[in-house]
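**Student:** Show me how the following folds:
(chains A and B)
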Amino acid sequence: MNWTLAAPELVLSVCGFAILVFGVLRREDSTLLCTMLTIGAFLIVAALVLSTPYGIAYRGQFAVDPFAVFVKMLVLVGALLAVILALDYNDKQSLTRFEFPVLVLFSTVGMMVMASATSLMSLYLGLELQSLAIYVLAAFARDEVRSSEAGLKYFVLGALASGLLLYGISLVYGFAGTMDFAALGHAFTEPGSVSVGLVVGVVFIIAGLAFKISAVPFHMWTPDVYEGAPTPVTALMSTAPKVAAMALLLRTLAVPFGHLLAQWTPLLALISIASMIIGALGAIGQWSIKRLMAYSSIGHIGYALIGLAVGTQAGYRGVLIYLVTYVFMSAGTFACIIAMRRRGRALEKIADLNGLASTDPMLALAFAVLMFSMAGIPPMSGFFGKLYVFLAAVQAGNWWLAVIGVVTSVVSAYYYIRVVKVIYFDPAEPAFDRRSASLSFVAAAGTLFTLLFFVFPAPIVAAAQGAAQALLG
Amino acid sequence: MNAAGFPVLSLITWLPLVGVGVLLCVRGDEATVAANARWTALWTSLIVFALSLVLWFRFDTSNPGFQFVENVTWLPAFKVSYRMGVDGISVLFVLLSTFLTPICILASWDSVHSRVREYMITFLILETMMVGMFCALDFLVFYMFFEGVLIPMYLIIGIWGGPRRVYAAFKFFLYTLLGSVLMLLALLAMWYRAGTTDIVVLLHTPFPPEMQFWLFLAFLASFAVKVPMWPVHTWLPDAHVEAPTAGSVILAGVMLKMGAYGFIRFSMPMLPQATAEFAPLMFTLGVIAVTYTSLVALAQDDMKKLIAYSSVAHMGFVTMGIFSMTQQGIQGAIFLMISHGLVSAALFLCVGVVYDRLHTREIDRYGGLAWNMPKYATVFMIFALANIGLPGTSGFVGEFLVVIGALQVNFWLALLGAMGMILGTAYTLYLYRRVIFGALVKTDLKSLLDLSPREVAIFAPLVVLTLWMGVHPTSFTRFWDASIGAMVQQHTASLDTVRFAGGPAR
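**Tutor:** Numbering: from 1, shown residues only, chains lettered A, B, ... in the order given. Prediction:
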């Protein structure tokens, strides 16, 4: 058994336990130290991920291929940025507990397992590890009603989704007799092997995963949980777990159910269109920036799903590029949101941004760049994300998806540029508190990536191409 | 390497961003920053203009193809590169952009007081976008510049605009965005079909007629909003009225040309059959624009709105000229665009001069300015006459060529277009009479000062160019003679191939 292939996950878990024990044994407050150790662990594991050879381990349950590496790197970046964001926020909100980085770390292990899962069993294992840690994180501000409510809501609905997923898995297992992706793929090649029960099982699996990526019609929890959870947790939820769940959806649909393409593509096209529309319309009436970001993330998932719904290699490549641009945009935006703090109180109304351009020009600039990018205006990276999924849709002759995509992107541009309007056109309010270096770092990293992506996009595009190729074998 | 021996197009495209970098580093109190920002922006734009003069002197007018070509690998897997180059059609637009930017910066020297640094930064970014758009030889690069223009313009209207600036900025942004995303789909379809986004390759790729039909519609959605053509012109009066003077200058001077440039660069040569098929529709829209918006202009009591409607009318002329698909018509359209870029910019500057003094654009508040502002009255007269198209000014040559082009297509088209010229005379002279002539009775007007040396410096080059274009048009037309000749020839040839191959498919 070639267990060394899972070295990054194993090392990360061991680091997690070590940091946990260290935090418990140390008497005084050790949050900062534990966070630094976690960041160190992430960096080491990132190096390990890049150096691990490709292969299949654990009797076909776990695969390391360019696709898994691509997703894992992205997940690590998202988790790393979220941990850095939490440093300042938890300090100011008196949430300094060393468990926070450890929980993020364990959820990251889950996500990495998801990226490599090649059996329905390891898929479920990774997904639950990831989700359980995030349920706790969502309720991390336990003295706050909103946060507890968010945690509970996320947990109950998440459990329901897991139930749906498990039910789907059991149906598929019942009808196909195996859980292994490769074996499942072979099982469906024979004529007459696709029964109604199996298709129902696949639909349940899609429904369970759609909940995790908050795609319509399983998006109801998103605005409430995004609003209630501590902002760094929201930042985490909108980046790394979305990437991992999206990757899982990609691999599950493309590899074992690749022969059922005709059955699941219409379903995903529907989900994608519904997400784009709800994401564009739902955000218009929002006054809270966190709720706005929730609807915005629903919309973004809709665009990314276009790539999956066309079911081609170009489409999968588009999804991956979209996710890269989205992770940086989203992390940067949440860094800006956490920086919204006046006299020690965290703010989240869009109106609180009034006239930010004259009180804090750099933050205003970062916000504006990220908003224009989310709206998909070139030369920001958000444009390239959309470009590649639309290109895939056009290549596949799926005109409706592309047309609805561009029209909803104009509708959503309205609320993005409304944020810019509030920042630049409206009269100024008192300045925000001085922001910490860690926030500035994440905001600058997200903004610079977004702004300068166009200069040298070829390596990321090539990596996404390689990952998509690996996925289809 | 190209004729200039160095990558001149990239240099003039990206140099303004160096100025932006310098501006970002300026430290000090607000007055120091403002003064430094003004001078830095002025010098940057002047250096860019000086560099762009290389194009004027080194451009080979006998070569119909692209010159000063640069090519840098960008997305090799998709056959997309960063390609720059100009031909006879685009070269003067590049010069127009680099010429108008320093004028804009000078024009806002005293009228912009708040956030001067940000103002200058947005203008320099705007210059990069405009120049890059006219130089781009790759469709994707073109699209990035084409849509990127929205960001600085949105900020200029929204931050430094008038009372209804937010409404105008949103309307401008969303209107143009909706148009350009549809072009994005056309871009993707062509990219997929031709396998590259190289404009030179796309120009020689035959697209099937069925596909051309849809592509043309998508282009139309984008370019018609930008031109703007009737009935999607409604964003323009709002944007013009609310934008600061310099914003209006760029809007009328350069941004309106982007749509028409798109028609000449993309729609016509790439989609010849669809162009021929849609020409009657375009003529109709052009004629409606010329007559209807001229009548609307006649009824305006806001100076900027009047000139905005006059711009729509002139662009209607341009549309007619382009779709006549004759050598004279297209030549006239381009000539008219350059001329309109100078004249309408100058007219907005004229409005800006009195607006700076009295802070109103209402025509009725003025009258008899000839008595105490003789220099201003003279300058305004020159541009009013150029707007009418009086022989000897730049406006005449363009309109005359367009009418000749239209005559070759249809007598009635030419007649209706010429009717528009008469209406244009009516509203321009009516405006001029109400503002400049009459008795100087209003007390607040009596204290107005004539043009300051700075304002004279702004208008002098515009006057010289307007008269130069009117008196000796050949020094401008020589640039695009060869390019347009080749284009019209190719257009006719590709229509003939279809005809010989068994008639048009649609």
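**Student:** ok, stretch B:199-216 near chain A or not?
**Tutor:** No - using CB under 8 Å from any CB of the partner chain, we find that stretch B:199-216 stays clear of chain A, coming within 9.2 Å at best. C-betas here are computed from N, CA, C, even on glycine.
**Student:** Please point out which parts of that stretch sit buried.
**Tutor:** Using 16 or more other CB atoms under 10 Å in any protein chain shown as the test for burial, stretch B:199-216 gives B:199, B:202, B:207, B:209, B:212, B:213, B:214, B:215, B:216.
**Student:** got it, and stretch B:249-267?
**Tutor:** Under 16+ other CB under 10 Å, the buried positions of stretch B:249-267 are B:249-267.
**Student:** now swap in stretch A:94-114 and tell me
**Tutor:** The neighbour-count check on stretch A:94-114 (16+ other CB under 10 Å) flags A:95-114 as buried.
**Student:** Pick out whichever of the buried residues of stretch B:199-216 sits closest to residue A:192.
**Tutor:** For those, the minimum distance to residue A:192 (CB to CB) is 40.8 Å, reached by residue B:214.
**Student:** wait, what's in contact with that closest one?
**Tutor:** The neighbourhood of residue B:214, defined by CB atoms under 8 Å, 6 or more residues apart in numbering or on different chains, consists of B:186, B:189.
**Student:** hmm, back to that, including secondary structure and distance to residue A:46, could the buried residues of stretch B:199-216 go into JSON lines?
**Tutor:** Putting those into JSON lines (DSSP: H, G, I helix; E, B strand; the rest coil; distance: CB to CB, whole Å) gives the following:
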{"residue": "B:199", "secondary structure": "helix", "distance to residue A:46": "41"}
{"residue": "B:202", "secondary structure": "helix", "distance to residue A:46": "42"}
{"residue": "B:207", "secondary structure": "coil", "distance to residue A:46": "46"}
{"residue": "B:209", "secondary structure": "helix", "distance to residue A:46": "53"}
{"residue": "B:212", "secondary structure": "helix", "distance to residue A:46": "50"}
{"residue": "B:213", "secondary structure": "helix", "distance to residue A:46": "51"}
{"residue": "B:214", "secondary structure": "helix", "distance to residue A:46": "46"}
{"residue": "B:215", "secondary structure": "helix", "distance to residue A:46": "45"}
{"residue": "B:216", "secondary structure": "helix", "distance to residue A:46": "49"}
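**Student:** Kindly indicate which of those lies nearest residue A:151.
**Tutor:** Relative to residue A:151, the closest of these is residue B:214; by CB to CB it sits at 50.4 Å.
**Student:** what about residue B:103, helix or strand, and which?
**Tutor:** Per DSSP states H and E, residue B:103 falls inside helix B:88-107.
**Student:** So which elements touch that helix?
**Tutor:** The helices and strands touching helix B:88-107, judged by 3 or more CB pairs under 8 Å, 6 or more residues apart in numbering or on different chains; DSSP states H and E, are helix B:8-25, helix B:30-58, helix B:116-135, helix B:245-250, helix B:256-262, helix B:327-358, helix B:453-471, helix B:474-500.
**Student:** quick one, it and helix B:453-471 angle?
**Tutor:** Put simply, helix B:88-107 runs at 160 degrees to helix B:453-471, going by axes from the mean of the first three to the mean of the last three CA atoms, to 10 degrees.
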